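**Student:** predicted model, plus sequence, below.
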Amino acid sequence: MGKETSFLYLNEEDMIKAGVLDVAHCIDVEEELFGLLSKGDYVMGGDKHNAHGIALKFPKESPFPNMPLDAPDRRFMAMPAYVGGRFNVAGQKWYGSNIINPQRGLPRSILMVMLNDADTCEPLALMSANLVSSVRTGCVPGVATRYLAQKDAKVCACIGAGPVSKACFDAIALEAKKLEEVIVCDLFLEKAEAFAKEMSEKYHLKARGTTCLEDAVKAADIVSVAASSVKPIHIDDTWLKPGSLIIFTGRGTIGQDYYTDAKIIWDHAPMHEVYYDEHLLLPENERFVNGIGVQIYRMMYEGKLSPITEATSLGDVINGTRSGRESDTDRICFVTGGLPVWDVGYSYDIYQNALKLGLGQTLKLWDDPYLN
């Protein structure tokens, strides 16, 4: 007689009831996950156990009429991970992305997370994950602000006025306890002003919108770059004042002189080491062109910066094995590319809440497995 197996299905409404939108709690969970990453109590995909995931990208042309074709932000992606510590769970975020989805009344990306027992491999939960991904993405800058920003940071510049930028600022606003003002910079002034008005009312801060990047960056103690523009945001190194923290959640570059003086902290340097190695396999003219952090990769490749193998991760700072901010004049650059460990760990936390609250639907896989 085999073992009956069932799992919990959680739709988006269930996820909200289970607390997925609790930003303060998510920041604490992400801090815990950063610590596990630094200790090595995790596994991700690939030969080095540090791959971000594997993407399914479509060709530019195809003889098959039903096959989707390559387009901006058009892909499927699988992001598997095992997370240790109190989580001790395996899982995967799976999503598809199509930039024209909003015209259909759909989110650009549609995401699901599957959690599995790390020993038996049985499914534990299948859950809606758009909010998991959005909140955990925003909360990573919250953890960075907790550990890397000046304690008396008063002004935050948000570069980009989309939903990711808002998620980032929600977390930054909770962690920057002395924050007085937010400046929102976007190509479209009306979007920047709407974002600024919303955050002013939500957090009782001074707020304004602008289309001038220089104006926003020069005034800021914390700069959050989370724009979805095709062309990377470029910031002059002289705009970033002493003591500033810049957080790259989206693509951006800075004048190279900045990096010879500033501290670079990564979300998880071993994952970026895998990215770096993947770039080396590309033709010379395609290396270090696309992606978050590629400007720094190129400078490492050219010998202008220490190699990625010597880099500091935020988890190292949290665990006290490497230094972060050492003075109020340190300029710090934090680079984050997203890890499936965050999705799996935070999803597991929400799953546990759902069990306590009796949320979701129990779905049976089998009463007695046909093959055993």
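**Tutor:** Good, I have the coordinates. Numbering: from 1, shown residues only.
**Student:** and residue 43, which of the three is it?
**Tutor:** Recorded secondary structure, residue 43: strand (DSSP: H, G, I helix; E, B strand; the rest coil).
**Student:** what about the residue nearest to it when sequence neighbours are not counted, which SS state?
**Tutor:** Among residues not flanking residue 43 along the chain, residue 82 sits closest, at 4.2 Å (CB to CB, 6 or more residues apart in numbering). For every residue, glycine as well, the C-beta is placed using N, CA and C. Using three-state DSSP, the structure places residue 82 in strand.
**Student:** wait, isn't residue 82 in contact with residue 41?
**Tutor:** No. Assessed by CB atoms under 8 Å, residue 82 is found out of contact with residue 41, at 9.1 Å.
**Student:** quick one: which of these two has more around it?
**Tutor:** Shown here are residue 82 and residue 41; by other CB atoms under 10 Å, residue 82 has more neighbours (20 against 16).
**Student:** what's opposite residue 209 in the beta bridge?
**Tutor:** residue 184 (DSSP bridges).
**Student:** that one touches residue 198, doesn't it?
**Tutor:** No. Taking contacts as CB under 8 Å, residue 209 lies outside contact range of residue 198: 10.6 Å.
**Student:** who's more crowded, these two?
**Tutor:** Neighbours per residue (other CB under 10 Å) separate residue 209 from residue 198, with residue 209 holding more: 22 against 15.
**Student:** contacting residues around the more buried one?
**Tutor:** Residues near residue 209 by CB atoms under 8 Å, 6 or more residues apart in numbering: 161, 183-186, 189-196.
**Student:** same deal with residue 211?
**Tutor:** Counting by CB under 8 Å, 6+ apart, residue 211 makes contact with 185, 186, 187, 188, 189, 192.
**Student:** OK, contacts around residue 247?
**Tutor:** Going by CB under 8 Å, 6+ apart, residue 247 touches 141, 144, 145, 168, 172, 222, 223, 224, 225, 334, 336.
**Student:** out of those residues, who's nearest residue 37?
**Tutor:** Closest to residue 37 out of the contacts of residue 247 is residue 336 (12.1 Å), distances taken as CB to CB.
**Student:** separation between that closest one and residue 365?
**Tutor:** Going from residue 336 to residue 365 by CB to CB, to the nearest Å gives 36 Å.
**Student:** have a look at these two and say which one is more surrounded.
**Tutor:** The neighbour count for residue 336 versus residue 365, taken as other CB under 10 Å, is higher for residue 336 (25 against 11).
**Student:** ends of stretch 137-157, how far apart?
**Tutor:** Start and end residues of stretch 137-157 are separated by 17 Å (CA to CA, to the nearest Å).
**Student:** buried stuff in that stretch?
**Tutor:** 137-150, 153-157 (16 or more other CB atoms under 10 Å).
**Student:** now it: how far from the chain's centre is it?
**Tutor:** 14 Å (CA atoms, centre = their mean, to the nearest Å).
**Student:** how about stretch 51-64?
**Tutor:** Computed by CA atoms, centre = their mean, the chain-centroid distance of stretch 51-64 equals 22 Å.
**Student:** what's the answer for stretch 19-37, then?
**Tutor:** The gap between the average C-alpha position of stretch 19-37 and the chain average comes to 12 Å, counting by CA atoms, centre = their mean.
**Student:** kindly report the same for stretch 279-295.
**Tutor:** Taking CA atoms, centre = their mean, the mean C-alpha location of stretch 279-295 is offset from the chain mean by 20 Å.
**Student:** quick one: end-to-end distance for it.
**Tutor:** In stretch 279-295, first residue to last residue: 12 Å (CA to CA).
**Student:** where does this structure have low pLDDT?
**Tutor:** Counting by pLDDT under 70, the chain contains low-confidence residues at 1, 229-230.
**Student:** all helices for it, in order.
**Tutor:** Assigned by DSSP state H, the chain shows helices spanning 12-17, 23-39, 130-148, 163-175, 189-203, 213-219, 257-261, 269-280, 294-301, 314-319, 340-357.
**Student:** comparing those helices, which comes out most buried?
**Tutor:** Most buried of the helices of the chain by mean neighbour count (mean count of other CB atoms under 10 Å) is helix 130-148; its value is a mean of 24.
**Student:** ok, back up a step: need the contacts of residue 247 in a markdown table with distance to residue 288, can you?
**Tutor:** Formatted as a markdown table, the contacts of residue 247 follow (distance: CB to CB, whole Å):
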| residue | distance to residue 288 |
| --- | --- |
| 141 | 24 |
| 144 | 23 |
| 145 | 28 |
| 168 | 25 |
| 172 | 28 |
| 222 | 27 |
| 223 | 22 |
| 224 | 23 |
| 225 | 18 |
| 334 | 19 |
| 336 | 18 |
